[in-house]
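# Give the three-dimensional model of this entry:
(one chain, ligands or ions: 2)
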Amino acid sequence: MKDLREWIAACESEGELKRVKPEVDWELEIGHIATLNERAGGPALLFEKVKGYDIPVLASTLSTAKRLAITCGRPTSYTICDLAREWKDVIRQNKLVPPVEIRGEIPVMYDVIEGDKVNVYDIPSPRLYPQDGGRYLALACNFITRDPETGWVNLGTYRGMVMDEKAVGANMMGKAKHGRIHIDKTLKTGTKMSAALYCGCDMSHLVVGSTMVPAQQDEYSVIGAMIGEPVEVFTSDLTGLPLPAHAEFILEGEIDLDPASFRPEGPLGEYVGYYGASGEGTRPWLNVKRIYRRKDPIFVISTVGRPVGDAHMINSIGRTAYLWADLETMKVPGIQSVYCPPEAAGRFWAIVSAKITHPAGAERVAEAVSCSPTGHFGMKGIIVVDADVPADDMAGVWWSLACRYDPGNDTQIINKMRPTPFDPALPAGAKAVGSKILIDATTPVEWEKKPRLVELDETTTKTVLERWLDYGFDEPYRLSGQALPK
Ligand SMILES: Cc1cc2nc3c(=O)[nH]c(=O)nc-3n(C[C@H](O)[C@H](O)[C@H](O)COP(=O)(O)O)c2cc1C
Ligand SMILES: [Mn+2]
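Ligands and ions are numbered 1, 2, ... in the order given. Predicted structure coming up:
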């Protein structure tokens, strides 16, 4: 999709969007409505009247698989696992679609606000939770920065707290973050880094901006691959950065990299459902020199916070796709499907369905996950199930844990792993090293006398599946997580 308006229309036609007409407050009320709505699996919300503003606010964008499917341009019956399988193929085949530069009428240049007129309080940034340190403008925004050595442009979803009329926090100092890599390289020759942040375009920008796309890889090209058409950009005469032509808002300027200039920032309710690693501190900020807005712009937010909200759905699809690609790249045999459940914040647990052919085969799969680029960091539980159970079939996974898992024999605890500092289960001050569990929930291949499975008759099943629609069912029969019918 080209822009947010097409995304909203697509959701609306699928009954996946609700317009909230009564006036709502950016102070706590929007955050609370959206959070409660997401917990109940509700629709995307377009708040049409925000107190003190004439700019609508879009929330709860990606908190169901159906809206993720709409975002990826796939049938709404697709599960996260189905979507991740296709994304994994894009990654494996490196099928990127680079952005194209457009000239002429640029929708987001409808309004260009500069100098004294810049006031970020003109945007209805919410304060989500009572213990949050302030109003957050960048919740569903991507920061755009450039590698001064290679020219690589990065998009990263980093939170941004409103600090004053022309200052928005830029929370990208985490060591592995690509924005941070750009900061470190820029610091070799100076202390000012050009940057922009934007929201809008369609929601694939948020999915890709908050996924760990490898360094030196341009996220615009990954978005292009996801939506099947190049992202349209224009080059800014202020910073030289490629900016998305169909964004709703773009804020552009520079970040002072001298730590003496950093300002108090945070906390924000984190995606684990607690305050922790990214609490109060002094952090860099974007000195906003220019704001671009579309005609009748729509602002977009995310609630972060406790699972399951949009942040966890994004984690789930991105980590599932990249972990799956890792396992195939590592040539781990027999992988059927992979799933990082959003309920576990989309990153702490992984389930892998695999054809096991060796007595230690399941351990091998779990160890591969544990050492992979995606799984080595912050993933603390890995469950391997047999190939007849799709990784995202939770009933099947529980059945495997109940009937194919003997804790004494099928569990390995690894006492030294790299946790995420966001893990609230580790004590404060001792978050450098964590542990992880590998669970083999497969029936041992070496058993000569295997438990006798209750099976369906193959011929009858085939006939029944062929006649499925005749019986009055609306759609052909398919379990999620299985290969899609061609
Ligand atoms: C709503 C939301 C807010 C996020 N906020 C931050 C943040 O403030 N700082 C951060 O380092 N990562 C944050 N993340 C995670 C990053 O987006 C993610 O790690 C991404 O890979 C960063 O991009 P990069 O890999 O190009 O550095 C957030 C993710 C979401 C979905
Ligand atoms: Mn990146």
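
# Could you check the pLDDT of the closest residue to ligand 1 within the stretch 351-486 of the chain?
The stretch 351-486 of the chain approaches ligand 1 most closely through Phe422 (9.8 Å), counting by C-beta to the nearest ligand atom. (Glycine included, C-beta is placed from N, CA and C.) On the pLDDT scale, Phe422 is placed at 95.

# do Gly481 as well
49.

# Which elements pack onto the helix or strand encompassing Lys462?
Take DSSP states H and E as the rule and Lys462 turns out to sit in helix 458-466. Judged by 3 or more C-beta pairs under 8 Å, 6 or more residues apart in numbering; DSSP states H and E, helix 458-466 has no packing partners among the helices and strands.

# Ramachandran angles for the nearest residue to Pro264 once chain neighbours are set aside?
Distances taken as C-beta to C-beta, 6 or more residues apart in numbering put Thr282 closest to Pro264, at 5.8 Å, once the chain neighbours are dropped. Dihedral angles of Thr282 (phi, psi; degrees, to the nearest 10) stand at phi -100, psi 140.

# Report the separation between Thr282 and His182.
20 Å (C-beta to C-beta, to the nearest Å).

# Neighbour count: the two, which is higher?
His182 (26 against 14; other C-beta atoms under 10 Å).

# Report the contact partners of that one.
Thr145, Arg146, Asp147, Pro148, Asn154, Met193 (C-beta atoms under 8 Å, 6 or more residues apart in numbering).

# tell me the phi and psi of the closest residue to the second one other than its chain neighbours?
With sequence-adjacent residues excluded and distances taken as C-beta to C-beta, 6+ apart, Arg146 is closest to Val153, at 5.3 Å. The phi and psi torsions at Val153 (degrees, to the nearest 10) take the values phi -100, psi 130.

# for the one 3 residues further on, same thing?
With angles defined as degrees, to the nearest 10, Gly156 shows backbone torsions of phi -140, psi 140.

# So what's the residue count around Gln336?
Gln336 has 18 nearby residues by other C-beta under 10 Å.

# Same check on Val168?
28.

# Run through the bridge partners of it.
Val162, Leu286 (DSSP bridges).

# thought Ala350 was touching Gly381?
Yes - assessed by C-beta atoms under 8 Å, Ala350 is found in contact with Gly381 at 7.4 Å.

# In terms of packing, which of those two has more residues around it?
Ala350 (28 against 14).

# who touches that one in this structure?
Applying C-beta under 8 Å, 6+ apart, the residues near Ala350 are Arg319, Leu323, Val338, Tyr339, Cys340, Val369, Gly375, Met379, Gly381, Ile382, Ile383.

# Confirm that it sits in a strand.
Yes - the assignment for Ala350 by DSSP: H, G, I helix; E, B strand; the rest coil puts it in a strand.

# For it, which residues count as its bridge partners?
Legend: beta-bridge partners of Ala350 under DSSP bridges are Ile382.

# Skipping its backbone neighbours, what lies nearest the residue of the stretch 351-486 of the chain closest to ligand 1 in space?
Using C-beta to C-beta, 6+ apart, the closest residue to Phe422 is Ala277 (4.6 Å).

# which residues does the one you found contact?
Glu270, Thr420, Pro421, Phe422, Lys431.

# One more: Phe299?
Here Phe299 is in contact with Ile55, Pro56, Val57, Leu58, Ile123, Pro124, Ser125, Cys199, Glu248, Phe249 (C-beta under 8 Å, 6+ apart).

# Compile those residues into JSON lines and extend it with columns for neighbour count, secondary structure and pLDDT.
Below are these laid out as JSON lines (neighbours: other C-beta atoms under 10 Å; DSSP: H, G, I helix; E, B strand; the rest coil; pLDDT from 0 to 100):
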{"residue": "Ile55", "neighbour count": "18", "secondary structure": "coil", "pLDDT": "98"}
{"residue": "Pro56", "neighbour count": "20", "secondary structure": "coil", "pLDDT": "98"}
{"residue": "Val57", "neighbour count": "24", "secondary structure": "strand", "pLDDT": "98"}
{"residue": "Leu58", "neighbour count": "25", "secondary structure": "strand", "pLDDT": "98"}
{"residue": "Ile123", "neighbour count": "22", "secondary structure": "coil", "pLDDT": "98"}
{"residue": "Pro124", "neighbour count": "22", "secondary structure": "coil", "pLDDT": "98"}
{"residue": "Ser125", "neighbour count": "24", "secondary structure": "coil", "pLDDT": "98"}
{"residue": "Cys199", "neighbour count": "28", "secondary structure": "strand", "pLDDT": "96"}
{"residue": "Glu248", "neighbour count": "26", "secondary structure": "strand", "pLDDT": "98"}
{"residue": "Phe249", "neighbour count": "24", "secondary structure": "strand", "pLDDT": "98"}
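
# No more questions from me, cheers.
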